[in-house]
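J.: This is a predicted model, with the sequence first.
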Amino acid sequence: MQIRKLTDWHEWLESSRIIDTSFLHGWDEKKEEEKYRRQGAGEIPRNEEAWGAFDEDGRMLTSIVTSARKVMYEKQIIPISEVDRVASLPERRGGGNVRAMMAEVLRDFRARGDLFAVLHPFSFAFYRKFGFDLIVRSVRQKFPVGELKDCSCDLSVRQVRSADEMPALRHLYEQYIRDKNLADLRTGKDWEYRGNGEYGEPDWWSGGKQEYTYIFSDGTGDHAYLKFVFEPGPDGPFTGDLRATDIAYDSPQAFRSILGFIYGMRAKLVNVVLEIPDEIDLSVMVPECDHVQQTLEGHLMGRVLNVEKVLLTLTQPSGTGSYAIRVMDRFLPENTGVYEVRYQDGKTVSMEKTDGVYDLAVSVETFSQLAAGLYGLRTAAFRPGTEITGKEDILSQVFHKKNVYAS
């Protein structure tokens, strides 16, 4: 079996066929051929890479499509890659093709300097075989609009109606994600104005519904925005739910103004649906806590590609000290080892990979979750394979719950 990147538009077309057939999406050969032919000619941009696994006769059996991204991590911008689509033809499954390809792809990501790989799984169990685990979770919170009766909007509100507002939206977003690990640094088409008050790539989940965007300001500047769709309820188009599709705010006060603005639409609304970082628990903010339905979405899995680089990037404790952590990575054994970290004033000053004693032992799955900030050391202690042997106070300062956000 040969595994390699695909460089010809005919191969991109075959990759598309394999993926659509695998997921039973149907395949429009004419439309796809036009798309990839134009990409091959440079007439339209190509923002992804595709890999293929070929049998001895040169037939493509399996394909993986990936894309490079920039995200926030520890208040820095870092490179990561997303595994967008993984597919084998139904008649070619069970031969280990995906496992072999995934190893090749992840090592390619690692070699070019990516710290994490992420993906949206169809099955968590399937991707755990490759060292992935839940790395970002969002909580969908649904509640009756009447629960916002105590909220008021203390800011001025204007609807986005032109491309002139794109810089304001982008600035608010980039301020919002500064302290949120793994939040996308949106660029390009994400901030293109599409007309009709809409911007960015069309949201697949909105199903073609009209999106509305409002900016919240006062005399000192812009402080928040809300983008949402209206979803008619069972009684017809006259009442229904507001579902936020994008939100950013620079303070708790600005967030409360968003809620007050939403309450002002109560004649039309029945429920409000928000997906926001789990730093905000709306059940402790509304009069009737049991009226808030909370659903864990958890659609993003990830894994560390280079343990050493992540430890070098992590914010360390103040003062001077050291600790040693052992990581076990069965899929990328080059990560396995004991890492002795010496730090000073919040930064790593030296690191050595050794075979010595350690203060913490974890699997690469647990290390990835700790490094992202999904949870802290105390929760990690309950994970299989975790062993804490010393320096618990220091390790708790390194590995604690942080704002993690899949934007």
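T.: Right, received. Where do you want to start? Residues are numbered from 1 along each chain as shown.

J.: show me where pLDDT drops low in the protein?
T.: Across the chain, the ranges flagged by pLDDT under 70 are 92-94, 204-206, 298.

J.: mind giving me the domain ranges of it?
T.: Using automatic domain parsing, the domain parsing of the chain gives 2-114, 144-277, 306-398.

J.: Compare the ones you listed and give me the one nearest Q293.
T.: For Q293, the closest of these is domain 144-277, at 8.9 Å, according to C-beta to C-beta. (Each C-beta comes from the backbone N, C-alpha and C, glycine too.)

J.: Can you give me the end-to-end span of the closest one?
T.: Using C-alpha to C-alpha, to the nearest Å, one end of domain 144-277 lies 20 Å from the other.

J.: Now do it: distance to the chain's middle.
T.: Centre-to-centre, domain 144-277 and its host chain are 19 Å apart (C-alpha atoms, centre = their mean, to the nearest Å).

J.: I258 contacts F216, correct?
T.: Yes: taking contacts as C-beta atoms under 8 Å, I258 lies within contact range of F216: 6.6 Å.

J.: Name the residues contacting each of the two.
T.: Shared contacts of I258 and F216, defined by C-beta atoms under 8 Å, 6 or more residues apart in numbering, comprise C153, A224, L226, Y249.

J.: And the last one, how close does it get to S283?
T.: By that I understand Y249. With distances taken as C-beta to C-beta, to the nearest Å, Y249 is found 19 Å from S283.

J.: what about those two, which has more around it?
T.: Y249 (21 against 15; other C-beta atoms under 10 Å).

J.: who touches W9 in this structure?
T.: W9 neighbours (C-beta under 8 Å, 6+ apart): Y36, R37, Q39, G40, A41.

J.: give me every residue that touches M166.
T.: By C-beta under 8 Å, 6+ apart, M166 lies in contact with W191, E192, Y193, Y199.

J.: Spatially nearest residue to D184, not counting backbone neighbours?
T.: Closest residue to D184 apart from its sequence neighbours, by C-beta to C-beta, 6 or more residues apart in numbering: S407 at 5.0 Å.

J.: out of the domains of the chain, nearest to I135?
T.: Taking C-beta to C-beta, domain 306-398 is the member of these nearest to I135, at 5.0 Å.

J.: Can you check the distance spanned by the closest one, start to finish?
T.: The first residue of domain 306-398 is 17 Å away from its last residue (C-alpha to C-alpha).

J.: Distance from it to the middle of the chain?
T.: Counting by C-alpha atoms, centre = their mean, domain 306-398 comes out at 22 Å from the chain centroid.

J.: same thing with stretch 134-145?
T.: For stretch 134-145, the distance to the chain centre is 14 Å (C-alpha atoms, centre = their mean).

J.: for that stretch, how far is the first residue from the last?
T.: First-to-last residue span, stretch 134-145, C-alpha to C-alpha: 31 Å.

J.: Would you mind pulling up the elements that the helix or strand containing V65 packs against?
T.: Using DSSP states H and E, V65 maps to strand 60-73. Counting contacts by 3 or more C-beta pairs under 8 Å, 6 or more residues apart in numbering; DSSP states H and E, strand 60-73 packs against helix 9-22, strand 49-54, strand 76-88, helix 97-111.

J.: just so I have it, where are all the strands in the stretch 101-250 of the chain?
T.: 116-119, 133-136, 139-144, 156-159, 193-195, 198-199, 211-218, 221-233, 236-249 (DSSP state E, counting those that start in this stretch).

J.: and these as a markdown table, adding distance to A324?
T.: Formatted as a markdown table, the strands of the stretch 101-250 of the chain follow (distance: least, C-beta to C-beta, whole Å):
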| stretch | distance to A324 |
| --- | --- |
| strand 116-119 | 22 |
| strand 133-136 | 23 |
| strand 139-144 | 35 |
| strand 156-159 | 53 |
| strand 193-195 | 52 |
| strand 198-199 | 48 |
| strand 211-218 | 48 |
| strand 221-233 | 44 |
| strand 236-249 | 39 |
